[in-house]
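In: Just to be clear, the model below is a prediction. Sequence and coordinates:
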Amino acid sequence: MFGRFLPRETSFFDFFEQHAALTVEGAQEFVSLVSSGTNIDAKVKRIAEIEHETDVITHRCVEALHKTFITPIDRDAIHRLITKMDDIMDFVEAAAERLALYELTVMTGDVRDLAVVLHRAAEVVEAACKGLRNLRDPQSLLKLCIDINRLENEGDAIFRRAVARLFKEERDPIVVIKWKEIYENLESATDRCEDVANIIEGVVLEHA
Amino acid sequence: MFGRFLPRETSFFDFFEQHAALTVEGAQEFVSLVSSGTNIDAKVKRIAEIEHETDVITHRCVEALHKTFITPIDRDAIHRLITKMDDIMDFVEAAAERLALYELTVMTGDVRDLAVVLHRAAEVVEAACKGLRNLRDPQSLLKLCIDINRLENEGDAIFRRAVARLFKEERDPIVVIKWKEIYENLESATDRCEDVANIIEGVVLEHA
Amino acid sequence: MFGRFLPRETSFFDFFEQHAALTVEGAQEFVSLVSSGTNIDAKVKRIAEIEHETDVITHRCVEALHKTFITPIDRDAIHRLITKMDDIMDFVEAAAERLALYELTVMTGDVRDLAVVLHRAAEVVEAACKGLRNLRDPQSLLKLCIDINRLENEGDAIFRRAVARLFKEERDPIVVIKWKEIYENLESATDRCEDVANIIEGVVLEHA
């Protein structure tokens, strides 16, 4: 009965899950954007909307944190977690916006590879957020964190290959500037997935 | 009587107002810099001085925060507010320094437009800081926050137009690199005005 | 006797000193990298390892902070200190990685000058960390903080000269992009040394 009036203790997990699901959707939209290279404006707009929705969830989560005295996991971990999660879509949106702004219509294999790795990392972040609600299986959760770290390494290798290729093969410096910025945004997004994994790992170890 | 010995409760508002007034002055100086294109070195030096003064105020504000047990508004909001306010002049100074360092003497219409919008946003931030001291008129304060958001959107549109134009019309990649960096700094400065507005909005709603 | 079971009160200083010693080592390795221009890959790898070691120390320090109720100096200062210290090696590693990734094998006099100033600043940061453990000689400690500030100014002047030279003398925009990014990372590293000095200064004044 009481639970109805005190739903706060679970709500943080709801915020994490909703946020992570939107981020997966945004990353999926980005994969679609760089795979087809069609309907760019509509897809960029949709990504911007998703980013706004994640902002709203982050805002509500921080607000709830300020009003909650007893939190299910460390208060500081909740704040760091939702903040880092929020950075992911910020970078995805920045990458998408630049694709449109710089009028890049011919996609590269590297941007597709980076997008696919990011999307997979976002999916594992979502799975980890679900696992966080229930810390009964810490081993599976730690395994997900390792998976995210592995995907980040994979993304980093693709990023380095992509930038090296850009500097070697692209003759037009303007095009180098454009793609380099987009690759960097995607790499930063995948990097934030790793930050999220590290925070979750810390929470698991704390409660083990 | 007691008030004399406990001036702390108002001092945070003094810090905000002094900081905001200096930021308006710095933004005004930047508008003058990019409008005339004369006395660049003297104006850049003056902007650097103003930035230093805002740093000192921020430092004192954070110091006061550490020594104050009861704060007039949420402790965390004070910290976030002065930190984001401080970022504004950091970006204005970065833009001004680069103008001098890159020896850009022929200004663009876009840099002027960006500077003017930033200056207007800084003025509304100053008005909002004054309103914060006295939360008796929350509606006016919320209106100011909406104005800042509107100005940020305007600045963002100018920024996009400016970068698109740069990539389309400028043939020299070196010049593209220079202006792009300056535009980005100005856009970030206006962005921070919006962050400030969002924090103030949060404070208003908290005390409504 | 009791001290054995409560080693916490000194451990934060151990973290600072170990972290600072590694950062000096990393900066030294970077000086060697840009002085000789030989064994680039091995040196970049070693810098990445050092950066990882500083990460581990930072992580342990923050973890210890969460578990310690009474801290020898202000809790927030400890957190800001280790975080800013950690940024130094992040930027050194970023600069080293880019040197390898961009296949820059002919070094510039400017990158050497920047590296040397950074290395000296890191050494003074290490000395200041040692002084922090024992606040009995605040004057010497404040002098070290002033030294770091002076080195940061020196680094800033070199950075400006380096970027101005790059834009004036380098004809290939791709090369401009590469070196500019490396210079910026080094300048940011030296900048963080100044942030560390400012935090230490604050701690000294607080305890004076």
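Out: Received, thanks.
In: who's in contact with stretch A:96-104?
Out: Outside of stretch A:96-104, the residues within contact range by Cβ atoms under 8 Å, 6 or more residues apart in numbering or on different chains are A:30, A:33-34, A:40-41, A:43-44, A:47-48, A:178-179, A:181-182, A:185, B:160, B:163-164, B:167. Using the backbone N, CA and C atoms, a C-beta is placed for each residue, glycine as well.
In: ditto for stretch A:29-39
Out: Applying Cβ under 8 Å, 6+ apart, the contact partners of stretch A:29-39 are A:40, A:43-44, A:46-47, A:50, A:92, A:95-96, A:99, A:105-107, A:111-112, A:115-116, A:118-119.
In: Which single residue of chain A ends up nearest chain C?
Out: When distances are taken as Cβ to the nearest Cβ, chain A reaches nearest to chain C at A:Pro173, 3.8 Å away.
In: quick one: that residue and B:Asp110, what's the gap?
Out: Between A:Pro173 and B:Asp110 the distance, using Cβ to Cβ, to the nearest Å, works out to 21 Å.
In: what does A:Leu151 give?
Out: A:Leu151 sits 39 Å away from B:Asp110 when distances are taken as Cβ to Cβ.
In: what do you get for A:Gly26?
Out: A:Gly26 is 30 Å from B:Asp110, where distance means Cβ to Cβ.
In: And A:Glu152, by the same measure?
Out: Distance, A:Glu152 to B:Asp110, using Cβ to Cβ: 37 Å.
In: Name the residues of chain A found near chain B, please.
Out: Chain A has residues A:63, A:66, A:101-103, A:173-174, A:177-178 near chain B, with proximity defined as Cβ under 8 Å from any Cβ of the partner chain.
In: Sort out which of those residues are buried, if you could.
Out: Using 16 or more other Cβ atoms under 10 Å in any protein chain shown as the burial test, these include A:101-102, A:173-174, A:177-178 as buried.
In: Please name the residues that touch the closest residue to chain B within chain A.
Out: Evaluated by Cβ to the nearest Cβ, chain A has A:Pro173 as its residue closest to chain B, separated by 3.8 Å. Shown here is A:Pro173, whose contacts under the criterion Cβ under 8 Å, 6+ apart are B:173, C:173-174, C:177.
In: run the last query once more with 6 Å
Out: Shown here is A:Pro173, whose contacts under the criterion Cβ atoms under 6 Å, 6 or more residues apart in numbering or on different chains are B:173, C:173-174.
In: possible to save those as a markdown table with distance to B:Arg192, pLDDT and secondary structure?
Out: Formatted as a markdown table, the contacts of A:Pro173 follow (distance: Cβ to Cβ, whole Å; pLDDT from 0 to 100; DSSP: H, G, I helix; E, B strand; the rest coil):
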| residue | distance to B:Arg192 | pLDDT | secondary structure |
| --- | --- | --- | --- |
| B:Pro173 | 29 | 95 | helix |
| C:Pro173 | 30 | 95 | helix |
| C:Ile174 | 32 | 94 | helix |
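In: check contacts around the most centrally placed residue in chain A.
Out: Centroid check for chain A by Cα atoms, centre = their mean gives A:Ile88 as the closest residue, at 3.4 Å. With contacts taken as Cβ under 6 Å, 6+ apart, A:Ile88 has the following neighbours: A:23, A:189, A:192.
In: thinking the second one is in contact with A:Met89, fair?
Out: Right, the one you point to is A:Ala189. No - between A:Ala189 and A:Met89 there is no contact under Cβ atoms under 6 Å: 8.0 Å.
In: The strand or helix carrying A:Cys193 relative to helix B:173-207, how many degrees between them?
Out: Remark: A:Cys193 resides in helix A:173-207, with elements defined by DSSP states H and E. Calculated by axes from the mean of the first three to the mean of the last three Cα atoms, to 10 degrees, helix A:173-207 forms an angle of 40 degrees with helix B:173-207.
In: chain center to helix A:173-207, what's the gap?
Out: Taking Cα atoms, centre = their mean, to the nearest Å, one finds the center of helix A:173-207 at 8 Å from the center of the full chain.
In: Name the nearest residue to A:Gly202, ignoring sequence neighbours.
Out: Leaving aside its sequence neighbours, A:Gly202 sits nearest to A:Ala77 (Cβ to Cβ, 6 or more residues apart in numbering or on different chains; 6.6 Å).
In: Check the spacing between the residue of chain A closest to chain B and B:Ala164 real quick.
Out: Following Cβ to Cβ, the distance that separates A:Pro173 from B:Ala164 is 17 Å.
In: Likewise for A:Ala128?
Out: With Cβ to Cβ as the criterion, A:Ala128 and B:Ala164 are 39 Å apart.
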